[in-house]
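# need a structure here:
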Amino acid sequence: MRGRMVLRTIRLGDWDPAVPRALFLALFFLCGALAGHLYAAGCGEDAWTALKQYLDGYCRLYDGGGVEPSMASCVVMYFGYGLLLFLLGFSAAGVVLIPALSGAFGFFTMYTVSCFVRCFGRPGALLALGALLVRMVFTLPCFLVLAGAAWPLSMELFALSFGRGRRSPPVLYGSRYLLLFVLCAIVLAVGVFCERLLTPLLFRFALGAVEYPFS
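From the prediction side, this is the model:
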């Protein structure tokens, strides 16, 4: 009997609440990705005609060479989600908005992939990979790390404001939260450099691999 109590204590001691939070945020990302795919599949033919013309022009620009993403657009794409997550860690509204942001990230990522695939067929998957690979390598890990750090702080603020009230201790951020954001910002800054340098090369390689323009 005492052995069972010891085993139960060990199991409870090993419980890490960060694991279910990370799984929950990953689930929201996947649900958003599914919603993005379904939304892309449900668009009308007129919308797809206009979108195909836009993507075709986008591909022709890169096929001609000498095109790279602008610095302003790269900064927004790379730092937008991370900055929002960092700020939401200081707000009780982050309890709802951080999972919603995770879903939005998945939605727009999969919507982009689905647009390429629907417009160009199977070659569109390779084109989407060339366009998004570098960005996802840098932004997705940083997003998950920052979301995992900001969400529990937002939960504590929510409990302090609407739950336990004065019985709750003050929310302590410390230097770890700021340091984590700074490290992610450094990683994302490297990502911006790689985006401008590598993405045009990868996308043109994808265009050559699928023999664009298609016959």
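# continuing past the lowest-mean-pLDDT helix or strand in the chain, what's the next helix or strand?
Lowest on mean pLDDT, DSSP states H and E among the helices and strands of the chain sits helix 2-14, with a mean of 49. Next helix or strand after helix 2-14 toward the C-terminus (DSSP states H and E): helix 18-41.
# Helix, strand, or coil at the nearest residue to residue 161 once chain neighbours are set aside?
Sequence neighbours aside, residue 92 is the residue nearest to residue 161 in space, at 4.9 Å (criterion: CB to CB, 6 or more residues apart in numbering). Placement of C-beta: from N, CA and C, glycine included. For residue 92, the assignment made with DSSP: H, G, I helix; E, B strand; the rest coil gives coil.
# Could I get the contacting residues of residue 92?
When contacts are counted by CB atoms under 8 Å, 6 or more residues apart in numbering, residue 92 touches 154, 157, 158, 160, 161, 162.
# which residues of the chain score low on pLDDT?
The model of the chain has pLDDT under 70 over residues 1-16, 63-67, 163-172, 214-215.
# This structure: helices as residue ranges?
2-14, 18-41, 45-63, 71-88, 94-120, 123-158, 174-209 (DSSP state H).
# Rebuild these as CSV, extending it with mean neighbour count.
Formatted as CSV, these follow (neighbours: other CB atoms under 10 Å):
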stretch, mean neighbour count
helix 2-14, 8
helix 18-41, 16
helix 45-63, 14
helix 71-88, 17
helix 94-120, 20
helix 123-158, 20
helix 174-209, 16
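# Can you give me the end-to-end span of stretch 82-96?
16 Å (CA to CA, to the nearest Å).
# From the chain's centroid, how far away is that stretch?
Mean-position distance between stretch 82-96 and its chain equals 15 Å (CA atoms, centre = their mean, to the nearest Å).
# In this structure residue 212 contacts residue 124, no?
No: applying CB atoms under 8 Å, one finds residue 212 not in contact with residue 124, separated by 10.3 Å.
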